[in-house]
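Asker: got a predicted model here, sequence first, then my questions.
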Amino acid sequence: MNRQTDRGSGDTGRLEAFSDGVFAIATTLLILEVEVPHVEHGESLWSALGEQWPSYAAYVVSFLVIGIIWVNHHQVFGHVIRVDRKLMFLNLLLLMIVAALPWPTALLAEYLRGDAAAAHTAAAVYSLTMVAMSFAFQALWWHLTRSGHLFHPRVDPEGARGTRVRFALGSLGYPATVALAFVSAPLTLAAHGVLALYYGFNQVQVPARQDPEAPRGTRDLA
């Protein structure tokens with residue numbers, strides 16, 4: 001085994017631990033963008049809190065997005081027994097986009113109900129970030145399924161390659177939200193919430209080898 005290009009499961013654990021840290025920091029930064037409103041004497045704090053609904057909406061949607069990416073990332077790497085250099089860089093690319101997500105979230109929250117042109121631009125930037133995230137995750141999955149040599153032996157590589165099209169559905173949905181951004185910024189944010197829920201409840205099943213001698217519990221890889 002080439003130690004510089006094909007690592008063992010210990011390094012898989014290090015990659016997952018580093019990834020978990022980035023996911024945790026990104027989700028934490030999201031709430032820091034929700035400001036505490038300042039009111040003058042006699043003004044209603046309830047009213048001030050209500051006026052910040054764009055920040056709450058953007059926070060909830062982005063938290064769902066990052067959380068579901070983390071869940072699916074964890075599921076994918078549950079079937080990976082070793083990592084190579086290219087996989088590590090593709091994972092870094094995905095994490096770079098995840099770490100950047102608090103910024104377009106804050107941008108969209110700031111301009112969601114302001115000037116129409118600014119709202120459309122902010123929504124487009126948010127959607128383009130999601131497009132980049134989608135393609136980065138897709139590239140990671142395509143690399144894993146290209147030869148299947150990084151998977152656990154119980155995974156059926158040919159069957160895993162057959163999931164590529166379904167895995168890439170976001171490559172159609174997310175670009176559509178870029179176009180929607182120039183129609184309605186609030187609808188764009190809602191569409192991202194729907195896409196996040198779709199990936200949360202409609203997960204790709206990773207096929208197992210049809211091996212009658214396989215140990216119990218290895219056939220259902222979902």
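Answerer: Cool, the structure landed. Residues are numbered from 1 along each chain as shown.
Asker: could you use CA atoms for every contact and neighbour count after this?
Answerer: Will do.
Asker: and the lowest-mean-pLDDT helix or strand in the chain, what does it pack onto?
Answerer: When the helices and strands of the chain are compared on mean pLDDT, DSSP states H and E, helix 164-167 comes out lowest with a mean of 70. Counting contacts by 3 or more CA pairs under 8 Å, 6 or more residues apart in numbering; DSSP states H and E, helix 164-167 packs against helix 116-147.
Asker: tell me the buried residues in the helix it packs on?
Answerer: Buried residues in helix 116-147, counting neighbours by 16 or more other CA atoms under 10 Å, are found at 118-145.
Asker: okay, now Y174: neighbour count?
Answerer: Counted with other CA atoms under 10 Å, the neighbours of Y174 add up to 24.
Asker: that one touches V131, doesn't it?
Answerer: Yes. Between Y174 and V131 there is a contact under CA atoms under 8 Å: 5.3 Å.
Asker: quick one: contacts for V125?
Answerer: Taking CA atoms under 8 Å, 6 or more residues apart in numbering, we find V125 in contact with P104.
Asker: so for it, what's the pLDDT?
Answerer: At V125, the model reports a pLDDT of 98.
Asker: any regions of this structure where pLDDT drops low?
Answerer: 1-10, 167, 169-170, 203-207, 209-222 (pLDDT under 70).
Asker: just give me the residue closest to the centre of it.
Answerer: I69 (3.3 Å; CA atoms, centre = their mean).
Asker: ok, so what distance separates it from V60?
Answerer: Using CA to CA, to the nearest Å, we find I69 at a distance of 14 Å from V60.
Asker: repeat for F77
Answerer: Distance from F77 to V60, by CA to CA: 26 Å.
Asker: if we can go back for a sec, the residue nearest to the centre of the chain is in what secondary structure piece?
Answerer: helix 53-77 (DSSP states H and E).
Asker: nothing else from me, thank you.
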